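Enquirer: next one to model:
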Amino acid sequence: MNFAIRIVRCYKFLAEERHEYILSKQLLRCGTSIGANVKEALRGQSVPDFTAKMNISLKEASECEYWIELLEKTEYLQTNVAESLLEDCQELIRMLTSIVKTSREQKGTMDS
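Expert: Predicted structure coming up:
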């Protein structure tokens, strides 16, 4: 949720201050989708359902990382802002990668 809030604030800055509407909407979509998919995964009906939703969150986080990097390289975001967002995004990627890996292993154990 905290990351999504930062992304919403970043989107507002990009739209209102930088008048950038295309890339910022991409960032808003994937950056807020991460938490929504995690929330949905927590209500998953099965381990495969949980794993699938967490994997979607991971993919959205990876996409978010791309848009932050692009917005920095095109000078829409200052380096310090981009680096701070990237640190949080990369921490989410590490956590989600671990969760997906563990849940896949758990599914494999259940299938045996």
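Enquirer: so Phe3 sits against Ile34, correct?
Expert: Yes: assessed by Cβ atoms under 8 Å, Phe3 is found in contact with Ile34 at 6.6 Å. All C-beta atoms are positioned from the backbone trio N, CA, C, and that covers glycine.
Enquirer: what about the helices in the protein?
Expert: In the chain, the segments counted as helices under DSSP state H are 2-16, 22-42, 47-73, 79-111.
Enquirer: identify the residue nearest Gln26 in space, chain neighbours excluded?
Expert: The shortest distance from Gln26 to any non-neighbouring residue, by Cβ to Cβ, 6 or more residues apart in numbering, is to Trp67 (5.2 Å).
Enquirer: contacts only, for that neighbour.
Expert: Each residue near Trp67 by Cβ atoms under 8 Å, 6 or more residues apart in numbering is listed here: 23, 26-27, 30-31.
Enquirer: quick check: pLDDT value at it.
Expert: Trp67 carries a pLDDT value of 98.
Enquirer: by neighbour count, which of the contacts of Trp67 wins?
Expert: In terms of neighbour count, Gly31 stands highest of the contacts of Trp67 at 29 neighbours, by other Cβ atoms under 10 Å.
Enquirer: and that residue, how far from Asn2?
Expert: 11 Å (Cβ to Cβ, to the nearest Å).
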